[in-house]
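Asks: turn this into a structure:
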Amino acid sequence: MCMSKYSTFNTMESANAASVPTGSMPRSYKQAMATPDSGLWKAAAETEMEHHQRNGSWRYVIPPAGAKVLPGMWVLTVKHNPDGSVARHKVDYTETFAPTFRQASLRLISALAAQHDLHMHSVDITAAFTNGDLDETIYVCQPEGFHQGPPGTVCALDKAIYGLKQASPQWNLKLHSAMLSMGFTRLKSDSSIYLFVRGDVRIIMPVYVEDMTFVSKDKAAIAHAIAELSTHFALRNLGPTNFLFGIEIEHDFE
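Replies: Sure thing, here's the model as predicted:
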């Protein structure tokens, strides 16, 4: 059943693979492999698969008779820099329901940073939703283009993946647990903002799903917090914040 779903999906897509308009996003792995950027899409998919292997996201199994096997598909996108140039090809997701900070909170934090000459440093968590643990058994069709094992083999999930209803809340729980262990507290007024206070050190950290920005007077404290966070999750250190959700940041410390 799982393989027939992929076979039917790919047959439908392959008829249009050669006519994908330049700049549009492919809707399947086979369609991506028929574009001029096939090498970039293949590398992005391989990077995602390597992450799942390291993460222990699933095991390859033959599901028991009558088990429900969820269909799956690649969601491919191009990430752009603030100036519109292409940053990288990546595997993505279209909707998230993780808590995100209020725009008013972001404006307030930006104003505080400007007024008090605070440093702002951004990171993003690699494949954030795949860090969540699962309490139930879920079977999913294997990713297109990367089949393992004999016919009928599917993925038995041990960790959440994008698209699962459980993925967002489980990621939120995992992140919250990590932040508490690092000495941060979550604001009651905005559940996506964490605050660290220890002696003279203060760090404000707004969270937008998997993107985080550390805001503090103390650069060493920011570096230490990022290093500690990296022991919990794989992350990309993006450096000093230059662009934050529609707000361009220019640093001019006195």
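
Asks: buried sites along the longest helix along the chain?
Replies: Identified as the longest helix of the chain according to DSSP state H is helix 38-55. Residues 40-41, 44-45, 48, 52, 55 are the ones in helix 38-55 that count as buried (16 or more other CB atoms under 10 Å). C-beta: built from backbone N, CA, C; applies to glycine.

Asks: how many residues are close by the residue nearest to Ile138 when sequence neighbours are not counted?
Replies: Closest residue to Ile138 apart from its sequence neighbours, by CB to CB, 6 or more residues apart in numbering: Leu157 at 4.5 Å. Leu157 is surrounded by 21 other residues when neighbours are defined as other CB atoms under 10 Å.

Asks: same question, Asp252
Replies: Neighbouring residues of Asp252 were enumerated by other CB under 10 Å; the total is 6.

Asks: sec struct for it, please.
Replies: Under DSSP: H, G, I helix; E, B strand; the rest coil, the three-state class of Asp252 is coil.

Asks: tell me the buried residues in stretch 176-193?
Replies: 176, 178-179, 182, 184, 186, 190, 192-193.

Asks: what is the end-to-end distance of it?
Replies: Using CA to CA, to the nearest Å, the end-to-end distance of stretch 176-193 comes to 11 Å.

Asks: do stretch 156-172 as well
Replies: One end of stretch 156-172 to the other measures 22 Å (CA to CA).

Asks: mind listing what's buried along it?
Replies: With the criterion 16+ other CB under 10 Å, stretch 156-172 contains buried residues 156-157, 159-164, 166-168, 170-172.

Asks: from what I see, Thr35 and Pro26 are in contact.
Replies: Yes. Using CB atoms under 8 Å, Thr35 makes contact with Pro26 at a distance of 5.9 Å.

Asks: what about the two, which has more around it?
Replies: Remark: of Thr35 and Pro26, Pro26 carries more neighbours, 22 against 18, as counted by other CB under 10 Å.

Asks: excluding its backbone neighbours, what's nearest Lys217?
Replies: Sequence neighbours aside, Leu118 is the residue nearest to Lys217 in space, at 5.6 Å (criterion: CB to CB, 6+ apart).

Asks: meant to ask about Thr241
Replies: Closest residue to Thr241 in three dimensions, ignoring its sequence neighbours and counting by CB to CB, 6+ apart: Met120, at 3.9 Å.

Asks: and the one you found, what is it in contact with?
Replies: Residues in contact with Met120, defined by CB atoms under 8 Å, 6 or more residues apart in numbering, are 113, 213-215, 240-241, 244, 249, 251.
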